[in-house]
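In: sequence and predicted structure, then a few things I'm wondering about:
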Amino acid sequence: MTKRRVAVLAGTVLCILAADQITKALVRASFEIGESHPVVSGVLWLTHVHNTGAAFGMFRGQQWFLIGVAIAVLAAIGWTAVRVRLESPLARTALAMIAAGTLGNLVDRAVSGGVTDFLDLGWFPVFNVADISLDVGVALLVWWLLFSSEHAKDAGVAAAVVASPEEPDPAEGQTSAEVE
């Protein structure tokens with residue numbers, strides 16, 4: 001990955017992380033845990049929740065497991081950024097959003113033992129900016145893997161490289177009489 005692409009990826013991660021941490025700090029400073037205020041009546045509330053689990057309340061109270069998973073995800077993204085030549089801006093954006101979301105919730109777990117959630121739709125578990133970034137990033141990555149012509153082109157190049165190595169076989173092009 002070029003230095004420019006690394007800078008754009010890091011800038012994307014930092015912007016999303018800053019938005020996540022600032023909004024969470026505002027909620028923690030302004031709301032008691034469990035306190036809720038409507039933003040759009042019947043549609044959106046700001047509700048302060050201290051979530052010690054993952055999405056949908058899974059793995060509640062298992063902070064070290066969730067921290068380990070987050071570190072593994074960040075390591076996999078770092079490895080991908082270093083080892084894989086991602087030509088697609090969409091794929092790079094998806095990885096940046098996943099990294100930012102993972103990092104945002106990791107910071108909360110490491111600092112306060114749980115994640116601050118505050119966006120409440122009333123019919124869905126309360127979530128935060130990091131969750132939005134993570135979910136949109138995963139959706140973009142899945143879409144890119146399944147439907148993008150950029151991905152298909154990259155896969156075609158990889159298949160062509162495997163099918164025809166750069167150095168031709170010396171026996172290739174010779175008749176059986178020349179080989180013997």
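Out: Perfect, thanks for sending it.
In: tell me the pLDDT of residue 147.
Out: Per-residue pLDDT puts residue 147 at 88.
In: who touches it in this structure?
Out: Going by Cβ atoms under 8 Å, 6 or more residues apart in numbering, residue 147 touches no other residue. (Glycine included, C-beta is placed from N, CA and C.)
In: give the contact list for the most centrally placed residue in the chain.
Out: In the chain, the centroid-proximal residue (Cα atoms, centre = their mean) is residue 98; its distance is 1.2 Å. Residue 98 is in contact with 73, 77, 133-134, 137-138, 141, counting by Cβ under 8 Å, 6+ apart.
In: any weak-confidence spans in this protein?
Out: Within the chain, the ranges that satisfy pLDDT under 70 run 151-180.
In: in the lengthiest helix in the chain, which residues are buried?
Out: The longest helix of the chain (DSSP state H) is helix 3-30. Neighbour counts over helix 3-30 (16 or more other Cβ atoms under 10 Å) mark 8-9, 12-13, 16-17, 19-21, 23-24, 27-28 as buried.
In: any chance of TSV for the residues you listed, columns distance to residue 51?
Out: Output for the buried residues of helix 3-30, formatted as TSV (distance: Cβ to Cβ, whole Å):
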residue	distance to residue 51
8	31
9	27
12	25
13	22
16	19
17	18
19	18
20	14
21	16
23	15
24	11
27	12
28	13
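In: what distance do you get for residue 11 to residue 150?
Out: Distance, residue 11 to residue 150, by Cβ to Cβ, to the nearest Å: 22 Å.
In: check residue 19 too.
Out: Between residue 19 and residue 150 the computed distance is 28 Å (Cβ to Cβ).
In: residue 64 too?
Out: Taking Cβ to Cβ, one finds residue 64 at 38 Å from residue 150.
In: which one of these two has more residues nearby?
Out: When residue 64 and residue 150 are compared for neighbours, residue 150 comes out ahead with 15 against 8, by other Cβ atoms under 10 Å.
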